[in-house]
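Visitor: Here is a sequence with its predicted model. Questions after.
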Amino acid sequence: AGSWAASNHIPVLADRDDVQLVVACRKGEEPLALLKEQFGFEYTTEDYLEALEHDLDAVVVASPSGFHFEHAKAALESGANVLCEKPVTIDPSQAWELDRLARELGQHFVISFGWNYRPIGIEAKRLMDQHGVGQVQHVMVAMASGTRDLLTATGAYEGAAADFAPDWDTWTDPRLSGGGYAPAQLSHAMGLALWLTNDRADQVFSFMNNEAARVDLHDAISIRYQSGATGTLSGASCFQAANAVDLEGEEWPRHQLQVRIFGDEGQLTADLERDFLWIYREDGLDEKVDLPDHAGLYQCDGPPMTLVDLTQGLEVPNRSPGDLGARTVEVIAAAYESASAGGPVSASVT
């Protein structure tokens, strides 16, 4: 139960009358005592195996990314449904193993891609499923967000729990984080883009810019998809207040995220910074969707709410399943391999 779990997942679960918070697990007696005091957990422990002895119905895995495979695998094998933070793993083969395990066990496996549950994400998916753009030929994904302080270990991210400051190594030690901006932020963007296209990367070529940081701050990635489509994935760590749109009443600055999908029959544009969604088709469809305020603001109540609903047997869609997490990790892992090798590399592992 790290900083993001304490600021998002646990409060979302605690607000539900049908959820019993049984056990919290993390390092440190003081933060564990604080979690118990603030949210009413019955038990706390520093041992995740001890936590799983409580016959849990559902588990949230929000440890550093380097431990996700170990923790999620044990939780699934214990019989629990699992929500796992992104990136689901660092190694894509382990991500596919978790997806396979969940399917074999008949367990629900939800990845924490919040935008897939936001109004702009839901509407974009509806448009792609109902109308589409024909054969997808090119996908442009561009993102910038205020993570410069976080990834240079000089400050926290906006929205971090005040009493549970993030450990720098969780974000800046590649052994724990898998890298910098790519897993921290671009995994979100690809979680949305790959959900909309239902495609999978075949080859990846990338350049990365660390500046003076331990991990990448900026990324320029080219992708050839298995469908034959081409794509670009661009990411930048910017200053927290550098946004074109900030609406009153929003918890934190907007992410500067655009996803554009071009096909042989039309195109779809989703601009999450500006709450703008447009589909155009050559057969005459030209729709700019009337979205509510804050439609593109990043919020992550959808994944934990879905975990609970699925655990209770409700028929709700899992908008961020395990295979989507694995396809996302394939891109991120291949990007680092390419940056190191200096050339294009294969992305698909199965």
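Guide: Sure thing, it's come through. Note that the structure is a prediction, hence the values are computed from the model and not measured.
Visitor: Contact partners for Val88?
Guide: Contact analysis of Val88 by Cβ atoms under 8 Å, 6 or more residues apart in numbering lists His68, Ala72, Ala95, Leu98, Ile111, Gly322, Gly325, Ala326, Thr328, Val329. C-beta: built from backbone N, CA, C; applies to glycine.
Visitor: In terms of helices and strands, where is it?
Guide: Val88 is part of no helix or strand when elements are defined by DSSP states H and E.
Visitor: Identify the residue spatially nearest to it, adjacent ones excluded.
Guide: Spatially, and ignoring its direct neighbours in sequence, Val88 is nearest to Gly325 (3.6 Å; Cβ to Cβ, 6 or more residues apart in numbering).
Visitor: And the helix or strand hosting that neighbour, what's buried?
Guide: In the assignment (DSSP H and E), Gly325 maps to helix 322-341. Using 16 or more other Cβ atoms under 10 Å as the test for burial, helix 322-341 gives 322-339.
Visitor: swap in stretch 71-87?
Guide: For stretch 71-87, by 16+ other Cβ under 10 Å, it's 71-76, 78, 80-87.
Visitor: Among the residues you listed, which one lies nearest to Gly2?
Guide: Nearest to Gly2 among the buried residues of stretch 71-87: Glu85, at 8.5 Å, using Cβ to Cβ.
Visitor: State the distance from the closest one to Gly66.
Guide: Distance, Glu85 to Gly66, by Cβ to Cβ, to the nearest Å: 12 Å.
Visitor: picking that back up, just flag the most distant two among the contacts of Val88.
Guide: Maximum pairwise distance in these, criterion Cβ to Cβ, is 14.9 Å, between Ala72 and Thr328.
Visitor: returning to what we had before: inside strands: which ones of the buried residues of stretch 71-87?
Guide: Mapping those onto strands (DSSP state E) picks out Asn81, Val82, Leu83, Cys84.
Visitor: Tabulate those residues (TSV), appending distance to Phe205.
Guide: What follows is these, written out as TSV (distance: Cβ to Cβ, whole Å):
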residue	distance to Phe205
Asn81	37
Val82	33
Leu83	33
Cys84	28
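Visitor: From these, pick the one nearest Trp115.
Guide: Leu83 (15.5 Å).
Visitor: Any idea what that closest one is bridged to?
Guide: Going by DSSP bridges, Leu83 is paired in beta bridges with Val60, Val110.
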